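J.: coords please:
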Amino acid sequence: MLVWTVLMLLLDLGACVPDPLSVSIRSFNMEHIVHFVPGPGTPDSAHFTVQALKFSKSIWSSVPRCARMKPGQGCDMTLVFKDPLDMYQARVQAFNSEQRSNWTESARFHPLTDTVLGPPVLLVSGCGNCLLLRVTPPQLKTEWPLELFREIRVTVRRSWDGAQFNLSLFMSEENRIEHLQRGVEYCVTVYLPTLVNDNHTPSTQKCALSSPSSPAPSSVVWGLAGLVAALCALLVLLLGCLFCRPPGPGCSPAL
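T.: Numbering: from 1, shown residues only. So this is what the prediction gives:
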């Protein structure tokens with residue numbers, strides 16, 4: 001009898017659903033997604049459920065939209081982790097009609113500091129001996145009025161020789177980079193640093209001419225010479241008309 005009981009226990013243990021692995025929270029622009037990997041040997045009939053912990057309340061709560069997930073699905077926790085100043089955690093459990101696995105927990109997650117801030121949108125145009133920059137910050141998926149972006153870090157590279165310099169600007173709708181060479185292509189990259197998050201992504205590099213190229217010196221000389229020649233020809237024509245004009249009525253040639 002004892003042997004049979006032990007055997008049944010072993011069979012029950014062998015029927016347990018494996019615990020999920022690698023539970024993690026990936027966040028981009030304040031959009032938070034829980035990911036996991038099914039444990040080895042997880043049956044095809046298994047589903048997965050997710051719970052969330054808000055540290056200020058210290059209570060695990062179920063996430064209804066993620067109650068019966070299949071392998072490969074992610075659980076969107078953006079509306080659950082909605083307070084960017086709080087700390088959170090997630091855990092995942094596998095189950096089927098007969099068994100449940102143990103819970104597997106993620107690392108602690110802070111929305112404001114752990115999210116990855118996406119690249120700003122950058123537009124560049126020439127304005128003489130300067131470049132005009134228009135920078136649009138990434139759109140964050142949160143209802144909180146977060147004023148994160150106050151500064152622009154800019155890298156400017158001259159295309160023809162690779163010379164570059166860096167500068168910092170205050171965030172505004174338009175920014176100018178002054179004292180550049182005219183008619184030269186410059187390539188610009190920007191990123192938006194914050195005091196609370198180092199996970200920022202730089203913009204795509206944008207290139208533009210500072211202004212149309214200035215005329216070459218020889219072109220200027222030949223242009224001025226042509227203008228002088230045209231004026232001289234006009235002057236000769238006017239003088240010729242003046243001296244060759246026939247005498248008017250009532251006038252007679254001198255003897």
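
J.: got a pLDDT number for V92?
T.: For V92, the pLDDT comes out at 98.

J.: what are the contacting residues of whatever helix or strand it lives in?
T.: For V92, the host element (DSSP states H and E) is strand 88-95. Outside strand 88-95, the residues that touch it by C-beta atoms under 8 Å, 6 or more residues apart in numbering are 17-20, 23, 25, 34, 36, 38-39, 42, 46-55, 60, 75, 77, 80-81, 100-111. Just so you know, the C-beta spots here come from the backbone N, C-alpha and C atoms, and that holds for glycine as well.

J.: so which bits of stretch 71-88 are buried?
T.: Neighbour counts over stretch 71-88 (16 or more other C-beta atoms under 10 Å) mark Q73, C75, D76, M77, V80, F81, K82, P84, M87, Y88 as buried.

J.: tell me who's in contact with the first one.
T.: Q73 is in contact with F48, counting by C-beta under 8 Å, 6+ apart.

J.: need phi/psi at it.
T.: Reported as degrees, to the nearest 10, the phi and psi values for Q73 are phi -80, psi 150.

J.: over to P111?
T.: As for P111, its main-chain torsions (degrees, to the nearest 10) stand at phi -60, psi -40.

J.: wait, it touches F28, no?
T.: No. Taking contacts as C-beta atoms under 8 Å, P111 lies outside contact range of F28: 11.5 Å.

J.: the more surrounded of the two?
T.: P111 (24 against 16; other C-beta atoms under 10 Å).

J.: can you pull the contacts of that one?
T.: S27, M30, H32, F81, D83, P84, D86, Y88, T142.
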